[in-house]
Structures are given as structure tokens and as C-alpha cells.
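Engineer: Quick one, what's the 3D model for this:
(2 chains)
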Protein chains: 2
Amino acid sequence: EAPQKGREREFYQADFDLLGSAYVLADMEILAVAIAIFLSLGASKNDFILYLNSRSFMEQKLEGFGIGKKDMKTILNLIDKQDKIDEPTFMKLLQEVGIGSSVINDLQSFLTKPLSPAADPYFTRLFSYLKNYGIDSYCQINPNIVRGLDYYTGLVFEVKEKGGTMRALLGGGRYDNLVSSFDSKLSIPGVGFATSDVVLMEFLKEKGLIPKVKPNTSQVLITVLGEDMVPSCVEIAKLLRSNGISCELYPSSNRKLDKQLKYADRQNIPFAIILGPEETQKGIVKVKDMKTREQKEVKKEEVVKILKS
Amino acid sequence: EAPQKGREREFYQADFDLLGSAYVLADMEILAVAIAIFLSLGASKNDFILYLNSRSFMEQKLEGFGIGKKDMKTILNLIDKQDKIDEPTFMKLLQEVGIGSSVINDLQSFLTKPLSPAADPYFTRLFSYLKNYGIDSYCQINPNIVRGLDYYTGLVFEVKEKGGTMRALLGGGRYDNLVSSFDSKLSIPGVGFATSDVVLMEFLKEKGLIPKVKPNTSQVLITVLGEDMVPSCVEIAKLLRSNGISCELYPSSNRKLDKQLKYADRQNIPFAIILGPEETQKGIVKVKDMKTREQKEVKKEEVVKILKS
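Structural biologist: Take a look at the predicted model:
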């Protein structure tokens, strides 16, 4: 596949799966996770929509139109590919499968009409759970969603970007026979979805949801007033850091105090520790609040306590 | 380069740099970061050692042995490659540079003797700072460390794994002319190092320092006692999760209570919420402590408060 926006040659895929339950509640739970991801990224109802459908419902429906078992897979694959081809091509490809034109008409009109939860007992139940959880308004039944993978047995769904590219941001479904297809002794139903870092990043960019990263400035600047003060300054740095207070040593010992304090101002460092020969003699340090410009004399042992309060 | 342990075709590199200061205190700070990384990973003095040296000290020293400017780079590169070649090859390559055998002897004896901080004022000062910071015992001056890159001007260092492969785990140094070599109008001194995820991971594996990941079990199992109880159960799940309490809904509505509680026991879930028709009528839920087996009746509105206490 050629690289394009949201489809790089390399990406990380994240999978979310709930194994062991064939119950509709598990379907609701996995949809809740999918929606929680977008809400936690700061997206709203205007940014995304979760389209869902059911494979078993679709197969039943297609059977009702007179489509036989042998054409089922081909037709479902054509429905899945619809958004990559135009309407006449879709029609042509349906005809090539060899189904009658009245069947094609039924299918066409079915695919263009919105489905309500009343369309199937499964949808009714799922939507009642989604409503209990308060997320039904993010979800919509869409008969065009069938997903490409053949192993889906029930629920299939996609989260799509609203507006813009309408790109699929994640997709998944129920795969009750997948595990047993690898080991016939294991019968483990499952439901899940996958998404990729690249697709989510493109989405965040387009919706302006990428958080602004503020560089972490130090909490404290330890001024260094001469070479002979360095040992005490280094010890204070060690003390603060081992107590979880980020600090920096002024990276030169031959700058005047006001130059060093100006640096703290420029870097938005909220506190400065001043430690000259006089302070050392008294066994104290001066802690200067760079905002209020107030400074107080603090015993060395109490510096951590003062800065943490 | 062929892939081997610690050298994959792909890896992430992490860089740590302190730009703008040519002061020895900046060298100490960057070494403190390098050591803090290993200590924070749970490594101890038995697991790693930081070897350091100085390029300017080395150049001065080699000059003292009578090695001219034009051979300097070649000789430094040979020293850097020493651990990949055997002693006779090293000697042969030195001879091929064209330096006299007495110079080679001086160099050889210099490289095999440990250096004390007294060897150079820079080392003396650096080690006094390292001592003030309490990390001198992790560091050792090693004349064989010169690093391959030509842009280093002062400090050069490597953290090496102790025992086993003696693999270099990170490396760096001072590069005071690197920035100006790209833009002659900028004169920005710098000191820093780089490491890779692959190398650190191999180190953690070999030293048995990889933390055991415990799967995050839910705090609460919400039992589901029949289809008509699902709406209330789902609402409780939503309530708990939106308050930061991780919980799971029992993924079926037709299992007896004791089966569901056994599941909580098996999964080490500390609390169960029991919510039957009787409780719904009273507007309460039962919160069961799975360890003490005690259960208390709690008003729905108070479930969050009770579980957070």
C-alpha cells in the first residue's frame, strides 16, 4: 500500500479486546472504551461518530433479499469497498456477481436508509445498554459498515472522523469463532478493536487537539556566588532533587547575583536560593520568591519543607 | 552494521544535553543525570561504572609524548578502537602511523595505568563536584575512553555494564565547537550524551531489573443478577469509572451470584457490588469486601465515597 496521510509504512497498532463473553454487555463495554478514547483525547460529538452494524443481522437481511450463501462473502466485500468506488462501478460489480436487478434494488434501498435500533432485537438491546451508559448519542447504526475481515460474526463498528476526510479512526467487531479456528479445542468468544498511533495523530492535528507541551522549567534556581560556594550549592541541589524538587545550578560561578536572578526571571523559575559566604556562616540560605521578590532566611535543613509548602 | 545483541536495525535514541555553559559544573550535572538514570532503573554500583576522560587532557598528554598534531586524530581513533582489536594488532597499527617505539612504549604504559583526579586540574575540580553531589564513587577516570566522534573538546565518558559483556550503555562528552561548526555566528558550548532503548533493555534483562508487570485488575466487580438489573448495573459502572474507580461488569446476566463472586475471587478483585431487585427497591447497593467477606448496605449516591475511603 502506498504511504499517504494516516497510512505510513510504519505505525504502532493498539488493540483492545474483551475475551470470554458472548454477551451483549461485552459489546457495550468495548464500544464504551472506543468512545472513552476519543473523549479523553478532548474530542467531542462534532469530531467523531461511531458507526456500528451486525454481521449476523446483515447476513440474515441479505438472505431475506434472496442472496445465497455462496454470494454472501462477495457482496459483503463489495459493501465494504463502496467508499473507494463510485456508484455506477458498485452497481456494475453487483451485477457481475450474478444477482438479479430486483435484488440489487432492494439492497441499494436498504443501504441508503438509516437503521433504527428497532430494526433488530440485538440493536434494541445494545442501544438500551448504550443509553444506560450515556453514550448512545455517539453511536449510529449504519448498514454500510461491514468491515473487511471475514472472521467477524456479530457486531462490527468503526469510529469515523466527522467532517473533512471521514477517515476511519478505529475499527473492530465481534469474532466468536476466531480463537477456535486456530485451536478447535478452545471456544472463546471475543470482541475488540484496533487503532493506530498514526491515524490518531492525524485526527488530533486536524481537530487542533494536540496539547501544547510546556517545557518543564525548574522550580528553583540555585545561584552560585563564587567558586568556593560551589560545594554547598551542589549539596543543596542534591538535597532538593532527592526530595523531588526540580532545580538547576546556575551554570557559572563568576556571574553577579543580579545576572543570575535575571536568568531565573527569563526562564520563569519561581524561586531562587541565594547562598553566599555570609549565609554559609549563619548556616542559612535565602529563599527568594521571584514573583513577589520577597526573600526569607531559612535554615538549610528546612529548605525542602519551605519549598514544598 | 550487522544486528547483534544490543544493536538492532532499529532503535530509539534518547539525548540529554546541557547547552550554553562551558563551566565544569555543567559537566558534573550531565554526569549526575547519566548516573541518575541507572540508579532510577534499580541498578547499583555492582551493575555499572561511569568511565570518564578529557579530550583536551589526552591531546596535551599525547603532545607530551611527542605525538604531533597530524597524528593526533589517528592515534585517538586507534585508542577508541582498542577493545575491538587485540594487543598485537593495536601495536602494529600504532607502528604503521609512523611514531617511534619509545613513544609507543610511553603511550602503552600511560594507557594501562589508572588515573587519579590529581592527574589534571580539570579532573580535580570535576571530582570535587562529583563528591559534593555524592556520585564520585560511580565514576572512574579511564585514559582509554576517548569516544569515536571528532567533535568532542573536553569531557568524554561512557557508562559501561559491569561484568558480562562490559557493553557501553551510554556515551557522550563536551562539544564546545559543534554548534559554531554549523553556524559560525553561534558560539554555544555544550555537553551531553545519548543512549538507546535497545541497549538499556538488554542491560535490564541481564541484570534482572525488568519490573514485573502486574495486570491491573479492577477494583470492583459489579455483579449482574438478571437482564432487568442491567440498566442499574451499567449506570453504577459509569458512575464509578467517571470517578476514577476501575470496575468491570460481570459479562453475563444469567449466572448465579456465587459464580460471579467466585470470579471476583479468582481475579483478585477486592470489592463486589451486589444489586438485586430487593436492593433496587430500597435504593441501595451491597458492597462486599471480598477479603473479609463483610458486606454493607450503601446508598447509591454514597458508593463512590465508600469505595474511595
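Engineer: Point out the residues in the stretch 51-200 of chain A that sit beside chain B.
Structural biologist: For the stretch 51-200 of chain A, the residues in contact with chain B (Cβ under 8 Å from any Cβ of the partner chain) are A:128-129, A:132-134. (Glycine included, C-beta is placed from N, CA and C.)
Engineer: which ones among the residues you listed are found in helices?
Structural biologist: A:128-129, A:132-133 (DSSP state H).
Engineer: on that earlier part again, for chain B, state which of the residues of the stretch 51-200 of chain A next to chain B is nearest.
Structural biologist: Ranked by distance to chain B (Cβ to the nearest Cβ), those are led by A:N132 at 3.8 Å.
Engineer: Enumerate every residue touching that closest one.
Structural biologist: Each residue near A:N132 by Cβ atoms under 8 Å, 6 or more residues apart in numbering or on different chains is listed here: B:230-231, B:234-235, B:238.
Engineer: Filter those down to the buried ones and express that as a ChimeraX selection.
Structural biologist: Here is the ChimeraX command that picks out the buried ones among the contacts of A:N132, judged by 16 or more other Cβ atoms under 10 Å in any protein chain shown:
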select /B:230,234,235,238
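Engineer: Report pLDDT for the residue of the stretch 151-300 of chain A found nearest chain B.
Structural biologist: Distance from chain B to each residue of the stretch 151-300 of chain A (Cβ to the nearest Cβ) is smallest for A:P251, at 3.3 Å. Reported pLDDT at A:P251 in the predicted model: 89.
Engineer: That one falls within a helix, correct?
Structural biologist: No. When DSSP: H, G, I helix; E, B strand; the rest coil is applied, A:P251 is found to be coil, with no helix at that position.
Engineer: for the ones in helices among the residues of the stretch 51-200 of chain A next to chain B, which one is nearest B:N105?
Structural biologist: Distance to B:N105 across those (Cβ to Cβ) is lowest for A:Y133, with 80.7 Å.
Engineer: could you list every residue that touches the residue nearest to the spatial centre of chain A?
Structural biologist: In chain A, the C-alpha nearest the mean C-alpha coordinate belongs to A:I37, at 4.7 Å (Cα atoms, centre = their mean). By Cβ under 8 Å, 6+ apart, the contact set of A:I37 is A:170, A:195.
Engineer: before we move on, what SS does it have?
Structural biologist: What three-state DSSP gives for A:I37 is helix.
Engineer: And it, how close does it get to A:E202?
Structural biologist: Counting by Cβ to Cβ, to the nearest Å, the gap from A:I37 to A:E202 is 15 Å.
Engineer: next one: A:T195
Structural biologist: Distance from A:T195 to A:E202, by Cβ to Cβ: 12 Å.
Engineer: between the two, which one's more packed in?
Structural biologist: When A:T195 and A:E202 are compared for neighbours, A:T195 comes out ahead with 23 against 20, by other Cβ atoms under 10 Å in any protein chain shown.
Engineer: next one: stretch A:172-180 to chain centre, how far?
Structural biologist: Relative to the chain's own centre, stretch A:172-180 is displaced by 24 Å; criterion: Cα atoms, centre = their mean, to the nearest Å.
Engineer: that older thread, what's the closest of the ones in helices among the residues of the stretch 51-200 of chain A next to chain B to B:Y138?
Structural biologist: Distances from B:Y138 to those, taken by Cβ to Cβ, are shortest for A:Y133, at 53.2 Å.
Engineer: What's the local residue count around A:D183?
Structural biologist: Neighbourhood size, A:D183 [other Cβ under 10 Å]: 9.
Engineer: Kindly report the domain assignment for chain A.
Structural biologist: When chain A is parsed with automatic domain parsing, its domains come out as A:13-206, A:220-304.
Engineer: What segments of the stretch 101-250 of chain A are strands?
Structural biologist: A:139-141, A:155-161, A:168-174, A:190-196, A:220-222, A:247-249 (DSSP state E, counting those that start in this stretch).
Engineer: can you list those strands in TSV and add distance to A:E10?
Structural biologist: Below are the strands of the stretch 101-250 of chain A laid out as TSV (distance: least, Cβ to Cβ, whole Å):
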stretch	distance to A:E10
strand A:139-141	32
strand A:155-161	22
strand A:168-174	18
strand A:190-196	10
strand A:220-222	41
strand A:247-249	37
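Engineer: Out of these, which gets nearest to B:D289?
Structural biologist: Closest to B:D289 of these, according to Cβ to Cβ: strand A:190-196, at 30.9 Å.
Engineer: residue boundaries of the helices in chain A?
Structural biologist: Under the criterion DSSP H, helices of chain A are mapped to A:24-40, A:55-64, A:69-81, A:87-97, A:101-112, A:121-133, A:178-182, A:197-206, A:230-242, A:257-266, A:277-282, A:303-308.
Engineer: Need those helices in CSV (columns: mean pLDDT and distance to B:N243).
Structural biologist: Putting the helices of chain A into CSV (pLDDT from 0 to 100; distance: least, Cβ to Cβ, whole Å) gives the following:
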stretch, mean pLDDT, distance to B:N243
helix A:24-40, 97, 14
helix A:55-64, 95, 35
helix A:69-81, 91, 40
helix A:87-97, 90, 48
helix A:101-112, 92, 42
helix A:121-133, 97, 15
helix A:178-182, 92, 34
helix A:197-206, 93, 26
helix A:230-242, 94, 34
helix A:257-266, 96, 40
helix A:277-282, 89, 48
helix A:303-308, 92, 28
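Engineer: what residues does the stretch 201-309 of chain A put near chain B?
Structural biologist: Listed as neighbours of chain B in the stretch 201-309 of chain A under the rule Cβ under 8 Å from any Cβ: A:224, A:230-231, A:234-235, A:237-238, A:248-249, A:251-253.
Engineer: If we use 7 Å, what do you get?
Structural biologist: A:224, A:230-231, A:234-235, A:238, A:249, A:251-253 (Cβ under 7 Å from any Cβ of the partner chain).
Engineer: Let me know whether A:M28 touches A:R125 as I believe.
Structural biologist: No. At 9.1 Å, A:M28 does not count as touching A:R125 under the criterion of Cβ atoms under 7 Å.
Engineer: if you count what's nearby, which of these two comes out ahead?
Structural biologist: Comparing A:M28 with A:R125 by neighbour count (other Cβ under 10 Å), the higher total belongs to A:M28, at 28 against 17.
Engineer: how about the more buried one, what does it touch?
Structural biologist: A:126, A:129-130, A:133 (Cβ atoms under 7 Å, 6 or more residues apart in numbering or on different chains).
Engineer: One more pass at 6 Å, please.
Structural biologist: Counting by Cβ atoms under 6 Å, 6 or more residues apart in numbering or on different chains, A:M28 touches A:129-130.
Engineer: correct me, but A:L18 touches A:I30?
Structural biologist: Yes. At 5.3 Å, A:L18 and A:I30 qualify as touching, with contact defined as Cβ atoms under 6 Å.
Engineer: Common neighbours of these two, please.
Structural biologist: A:V191.
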